[in-house]
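Visitor: Provided below for reference: sequence and predicted model.
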Amino acid sequence: MTTMSRGVHAPGRTQCDELEGLFGEQRAILQARLQTLRDTGRAVMSDVRDADEESADLMDLGVSMRVLELGSQVVRGIETALWRRKAGALGVCADCRIRISRRRLEAVPFAERCRDCQLQFQDRSAKWTRSQ
């Protein structure tokens with residue numbers, strides 16, 4: 001059941017089903033990308049190439065690795081959301097414990113934080129990264 005109060009709500013069963021479907025889809029996409037990357041790597045290693053081709057291949061590999069990393073982050077986020085659903089915390093900000101807005105959950109169904117807490121989290125993460 002979906003409850004609503006001033007623009008916030010708890011995820012209903014349909015949203016949870018959609019989240020589970022999204023998890024399956026994203027996991028399959030991630031596995032396919034990983035297999036493509038493996039296959040591409042094998043083919044590149046067996047070819048004879050000049051420096052320009054090798055440079056382009058390495059750049060493509062870097063982009064592919066980043067896309068794979070982003071996909072992995074999405075899958076982990078969805079997996080965490082499914083765990084939070086079982087714990088009864090889906091749709092509640094992990095930091096301030098208020099309900100996450102409907103608009104945010106529509107944009108990011110696996111959001112762990114409300115918009116304000118997410119911005120603070122990103123700011124802290126960026127500062128920590130810069131200090132390393």
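Guide: Cool, the structure landed. Fair warning: this is a prediction, and the values are worked out from it, not measured in the lab.

Visitor: all strands of the chain, in order?
Guide: In the chain, the strands defined using DSSP state E lie at 4-5, 8-9.

Visitor: point out where this protein drops to low pLDDT.
Guide: Along the chain, segments meeting pLDDT under 70 span 1-13, 15, 41-49.

Visitor: find the centremost residue of it, please.
Guide: Compute the mean C-alpha point of the chain, and by C-alpha atoms, centre = their mean the closest residue is V74, 1.6 Å away.

Visitor: contacting residues for it?
Guide: By C-beta atoms under 8 Å, 6 or more residues apart in numbering, V74 lies in contact with Q26, F110. Where C-beta positions appear, they are placed from N, C-alpha and C, glycine not excepted.

Visitor: switch the cut-off to 6 Å
Guide: Shown in contact with V74 (C-beta atoms under 6 Å, 6 or more residues apart in numbering): Q26.

Visitor: same deal with the one 3 residues further on?
Guide: With C-beta under 6 Å, 6+ apart as the criterion, the residues that contact G77 are F110.

Visitor: ok, now L105?
Guide: By C-beta under 6 Å, 6+ apart, the neighbours of L105 are A111.
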